[in-house]
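> What follows is a predicted protein model with its sequence.
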Amino acid sequence: MNKQTRRTFLASAAALTAGVATVAHAATTSPSTMETKNKKQLAHHVFFWLKNPGSKEDLQKLLEGLRTLEKIETIRSLHIGVPASTEKRDVVDNSYAASELMLFDDLAGQATYQTHPIHLKFIENCSHLWEKVIVYDSMDV
């Protein structure tokens, strides 16, 4: 029988723990979860500046309009927000009134969103509220 030192005991315990964690993770990761992790999603982030920046009513109308977009079937995730009260730094731009961040499965999903009747209705109903819109689109790497 081999004499076990504290060092060999700790090394074997660490290896055993890592093996159990790997097996547990594999058992809880479904194929669809793994497919999602391997998929290259498109992020569509839009920032809106209101014509009347001090108008709480205009901001509410814009936010209500943005909420209608969640019914578009190709949107996988939708976050609607206003500037956070975070630390003021030179790299932080909080001059916008509202933003939306959408995730799509791919370019085709985002293209469907662009021409979707709900999106077009949102533009028709709300475009009079904003003076400036900036869009940032990015793909997973």
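All right, it came through fine.
> So what touches stretch 75-91?
By CB atoms under 8 Å, 6 or more residues apart in numbering, the residues outside stretch 75-91 that reach it are 41, 59, 63, 66-67, 69-70, 92, 94-105, 109, 113. Heads up, the C-betas are built off the backbone N, CA and C, glycines and all.
> Just the buried residues of those.
Neighbour counting with 16 or more other CB atoms under 10 Å marks 41, 59, 63, 66, 69, 96-100, 102-104, 109, 113 as buried within the contacts of stretch 75-91.
> In strands, which of the contacts of stretch 75-91 fall?
Judged by DSSP state E, strands contain the following of these: A98, S99, E100, L101, M102, L103, F104.
> In space, what's closest to the fourth one - neighbours in sequence excluded?
The one in question is L101. Once flanking residues are discounted, L101 sits nearest to H79: 4.3 Å by CB to CB, 6 or more residues apart in numbering.
> mean confidence for the helix or strand hosting that neighbour?
Per DSSP states H and E: H79 is located in strand 75-81. The average pLDDT within strand 75-81 is 98.
> in that strand, what counts as buried?
Counting neighbours by 16+ other CB under 10 Å, one finds that the buried residues in strand 75-81 are I75, L78, I80.
> which among these gets closest to D137?
Nearest to D137 among the buried residues of strand 75-81: I75, at 13.7 Å, using CB to CB.
> My guess is G65 contacts N125. True?
Yes - counting by CB atoms under 8 Å, N125 is a contact partner of G65 at 5.7 Å.
> Who has more neighbours out of those two?
G65 (20 against 14; other CB atoms under 10 Å).
> Quick check: closest non-adjacent residue to the more buried one.
Ranked by CB to CB, 6+ apart and with sequence neighbours excluded, the top spatial neighbour of G65 is C126, at 4.0 Å.
> I'd like to know how many residues surround the one you found.
C126: 18 neighbours (other CB under 10 Å).
> which residue ranges form the helices in this structure?
Using DSSP state H, the helices assigned to the chain run over residues 6-28, 31-38, 56-68, 107-115, 117-126.
> Okay, buried residues for the fourth one please.
The one in question is helix 107-115. Here helix 107-115 shows G109, Q110, T112, Y113 as buried, counting by 16+ other CB under 10 Å.
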